[in-house]
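**Q** Curious how this folds, go ahead:
(one chain, ligands or ions: 2)
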Amino acid sequence: MWYADSHTHTEASEDSETPILQAVQAAAAKGLRFLTVTDHVEIVDFKEGAYDVAAEQSWHLMESFENPTDVRLLRGIELGEPAFDPALAERVLAAHPYDFVLASQHRVDDTRPDHYFIEYAAFSDREIEREMTRHFEETLRTVRWNGFDSLAHLTYPFRYLPEKWRQGDYRPWQGLIDDLLGLLAQNGKALEINTSGIRKGQGVTCPDRPLVTRFRELGGERITIGSDAHRPGETGADLDEGAAVARDAGFEEAVVYIARQPQSFAL
Ligand SMILES: [Zn+2]
Ligand SMILES: [Zn+2]
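**A** Numbers count the residues shown, from 1 in each chain. Ligands and ions are numbered 1, 2, ... in the order given. Prediction:
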């Protein structure tokens, strides 16, 4: 089984109430060896004073935690939209010696909310296609920024689209996707296989097999696997399915970041 959950949230994230002790105990109960806590720091909200508190709270919780289990706790961060303000993103990361930096794209610009809050059922097909184009364009900007270790949940907004858009057909954006996956590979960065897609409206990992396979074809060498758990019951969820997707795409190893260095383990 795959034994490292590289994407999890605790009560330091606005959308989770999990005490770090419960997260680690849940990981131990599942037989995990590594648990990386990656609480949210959204660059947009950071300016408003909401998430700078969260970043410090998250770091303090991780740093002061007395771990009663054998699970190795790694101290990460899920940095949202770093390319919106690269200088601020770099200051956030310089504040603490993180083990792992996940970059994510939850919104297309700083005037729009997280896709989670958008009523896509009211959008026309053209509008949806345009919004997803913007999603991949902004993700490409994040990949160009390059100050992270792994790119989180590449197909995240699709889970909030009407059913017909959730069939795994990414042809309208294949050029952009190839550009960003190719650059990710060239830069030696990891692509995350996020298993929350399985339980949150997509039915498959996020991204799913064809895109993970495309990353491999374009020279990608590193994969991280994470549940994106926001509750203790989700810790370690479907990691083996994530590992199976990676193997099917041609990966024999996945990586765990410790002190920002990728450590490879056989899948
Ligand atoms: Zn996220
Ligand atoms: Zn997350």
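**Q** C-terminal to the helix or strand bottoming out on mean pLDDT in the chain, what's the next element?
**A** Lowest by mean pLDDT, DSSP states H and E among the helices and strands of the chain is helix 43-47, with a mean of 74. Moving toward the C-terminus from helix 43-47, the next helix or strand (DSSP states H and E) is helix 50-64.
**Q** and after the longest helix along the chain, which helix or strand comes next?
**A** Of all the segments of type helix in the chain, defined by DSSP state H, the longest one is helix 125-145. Counting by DSSP H and E, the element after helix 125-145 in chain order, helix or strand, is strand 150-151.
**Q** what does the average pLDDT come to for that next one?
**A** For strand 150-151, mean pLDDT rounds to 98.
**Q** what about residue 227, how many neighbours?
**A** 26 (other Cβ atoms under 10 Å). (Each C-beta comes from the backbone N, C-alpha and C, glycine too.)
**Q** Ok, residue 199 next?
**A** 13.
**Q** how about it, what does it touch?
**A** By Cβ atoms under 8 Å, 6 or more residues apart in numbering, the contact set of residue 199 is 234, 237, 238.
**Q** distance of it from residue 231?
**A** Using Cβ to Cβ, to the nearest Å, one gets 11 Å for the distance from residue 199 to residue 231.
**Q** Pick out the residue of the stretch 51-200 of the chain closest to ligand 2.
**A** Ligand 2 sits closest to residue 78 of the stretch 51-200 of the chain, with a gap of 4.8 Å, by Cβ to the ion.
**Q** Got phi/psi on that residue?
**A** As for residue 78, its main-chain torsions (degrees, to the nearest 10) stand at phi -100, psi 100.
**Q** wait, doesn't residue 32 sit right on residue 3?
**A** Yes: in this structure, residue 32 is within contact of residue 3 by Cβ atoms under 8 Å, at 5.0 Å.
**Q** which residues do these two both contact?
**A** With Cβ under 8 Å, 6+ apart, residue 32 and residue 3 have common neighbours residue 239.
**Q** who has more neighbours, the two?
**A** residue 32 (23 against 19).
**Q** Go ahead and list the helix or strand containing the more buried one.
**A** Using DSSP H and E, no helix or strand contains residue 32.
**Q** Not counting its neighbours along the chain, what's nearest residue 226?
**A** residue 7 (2.5 Å; Cβ to Cβ, 6 or more residues apart in numbering).
**Q** let me fix that: residue 237
**A** residue 227 (4.4 Å).
**Q** For this protein, which residue occupies the most central location?
**A** residue 152 (2.6 Å; Cα atoms, centre = their mean).
**Q** Quick check: chain neighbours aside, which residue is closest to that residue?
**A** Per Cβ to Cβ, 6+ apart, closest to residue 152 is residue 104, 3.9 Å.
**Q** Surely that neighbour and residue 156 touch.
**A** Yes: with contact defined as Cβ under 8 Å, residue 104 counts as touching residue 156 (7.2 Å).
**Q** where does residue 177 land in three-state SS?
**A** Assigned with DSSP: H, G, I helix; E, B strand; the rest coil, residue 177 falls in the helix class.
**Q** Distance of it relative to residue 200?
**A** Taking Cβ to Cβ, one finds residue 177 at 21 Å from residue 200.
**Q** need the residues of the stretch 101-250 of the chain near ligand 2, please.
**A** residue 228 (Cβ under 5 Å from the ion).
**Q** Which residue ranges of the stretch 101-250 of the chain form strands?
**A** All strands of the stretch 101-250 of the chain, identified by DSSP state E, counting those that start in this stretch, fall at 150-151, 190-194, 222-226.
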